[in-house]
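Chemist: Here is my input; please provide its structure:
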Amino acid sequence: MTFASRVRLLCLTSALTVFAATGATILPARPALALSDIKDITPPAADNPAPGKAEPGIDEEGEELPPEDGIPDPDPLIKAPEQHDTAAPEPDEPPAEVFYDIEKAPEPVRRMRQLIIDAAATGDISRLRPLMNPGPDQTQVQLEGSDKDPIDLLKSLSGDPEGMEILAILLDILSTGFVHVDKGTPDEAYVWPYFAGKQLGKLTPVEKVELLRIVTAGDVAEMQEYGNYNFFRAGITPDGRWKFFTAGD
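Modeler: The predicted structure follows:
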C-alpha cells in the first residue's frame, strides 16, 4: 500500500470514529412527492366583497369613481348644443291694401289729387307752387330738409331745365293705384304709387307690368337688390294737404 493510500484510510477511520462518538444517527431519505400529490394552498376567494368596500370604479352610492390614477376622462371635443327657448319670429306685416277706385279716398284727398293732375298737365311746373302750401308745412320734395325753393329743386331733379320730366313722372304716378299708410299717426297719408307700400318680391305679374310703366327694367333690378321701391312717390294727408313728393326709400 502506498503512502497516499494509507493517509486516505487514516482520515476515513478518524472521521468514522468522531461520528460514532457523537451518537448521531443517519435518517433514511424520504421519497420525493409527485406534483399531483402537492396540495393547493391558495386561499379561497371571497364570494362577496367585504362590507364597507365598493367595487372598483363605483362608490357605495352607485356613483362612478374617477380612474385610480386620479385623472378624469376628457370631455368630448364636440359638445351637443345647449337647448334654449327661442321666441318664434314675428310674422311679416300684411301688405297694405291697394286701391284703384279714387272714390275710396276722402273728398279732400280726391280734390288735391285732381288739382295736381290739372297743374302738371299744363306743362308749366310753376303751376304746382300754390298747391305746395308755402310755409312751415310746405310739401316736402327732398328726404332731407332744404331751404331751396321747391320748384327750383324739382327742376334740378329733372332731366330737362324746364322740369317737364318731373311733370310726366307726377302724372304717371297719380294714375296708378294707391295705399293708405300709417293710419292714426301724424304720418298718415294716401300714397301713390302703391308700390311704396308693398314688397317688390311679392308683386304679381300684373303689378310688375304696372311698375315698368313708371321705371325701367334696370331700375327694377336695382330696387330688387335693395328690396324696396325707391323712385318718386306722392302723399296727401286725409285733410287734403299735399304732404310730400320725394324720391328714395
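Chemist: From now on I want contacts and neighbour counts done on CA atoms only, so please keep to that.
Modeler: OK.
Chemist: which SSE is residue 207 in?
Modeler: In the assignment (DSSP states H and E), residue 207 maps to helix 205-212.
Chemist: Output that helix as CSV, nothing but the C-alphas.
Modeler: The C-alpha trace of helix 205-212 is given here as CSV (Å, rounded to 0.1, in the frame of the first residue of the first chain):
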residue,chain,number,x,y,z
PRO,A,205,-97.0,89.7,-62.9
VAL,A,206,-99.7,92.3,-63.4
GLU,A,207,-98.2,94.6,-60.8
LYS,A,208,-94.7,94.2,-62.3
VAL,A,209,-96.1,95.4,-65.6
GLU,A,210,-97.6,98.5,-63.9
LEU,A,211,-94.2,99.1,-62.2
LEU,A,212,-92.4,99.0,-65.5
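Chemist: right, and the helix or strand after that helix?
Modeler: As the chain continues past helix 205-212, the following element, by DSSP H and E, is helix 217-226.
Chemist: Now the helix holding residue 207: buried residues?
Modeler: Buried positions in helix 205-212, judged by neighbour count with 16 or more other CA atoms under 10 Å: 208, 211.
Chemist: what do you get for stretch 136-154?
Modeler: Residues 138, 139, 140, 141, 142, 150, 151, 154 are the ones in stretch 136-154 that count as buried (16+ other CA under 10 Å).
Chemist: and if you look at stretch 106-119?
Modeler: In terms of neighbour count (16+ other CA under 10 Å), stretch 106-119 has its buried residues at 109, 110, 112, 113, 116, 117, 119.
Chemist: one step back: tell me the one among the buried residues of stretch 136-154 nearest to residue 103.
Modeler: residue 139 (23.5 Å; CA to CA).
Chemist: on that earlier part again, need the residues that contact the helix holding residue 207.
Modeler: Applying CA atoms under 8 Å, 6 or more residues apart in numbering, the contact partners of helix 205-212 are 176, 195, 220.
Chemist: Now do the SS call for residue 179.
Modeler: strand (DSSP: H, G, I helix; E, B strand; the rest coil).
Chemist: Please report how far it lies from residue 100.
Modeler: 9 Å (CA to CA, to the nearest Å).
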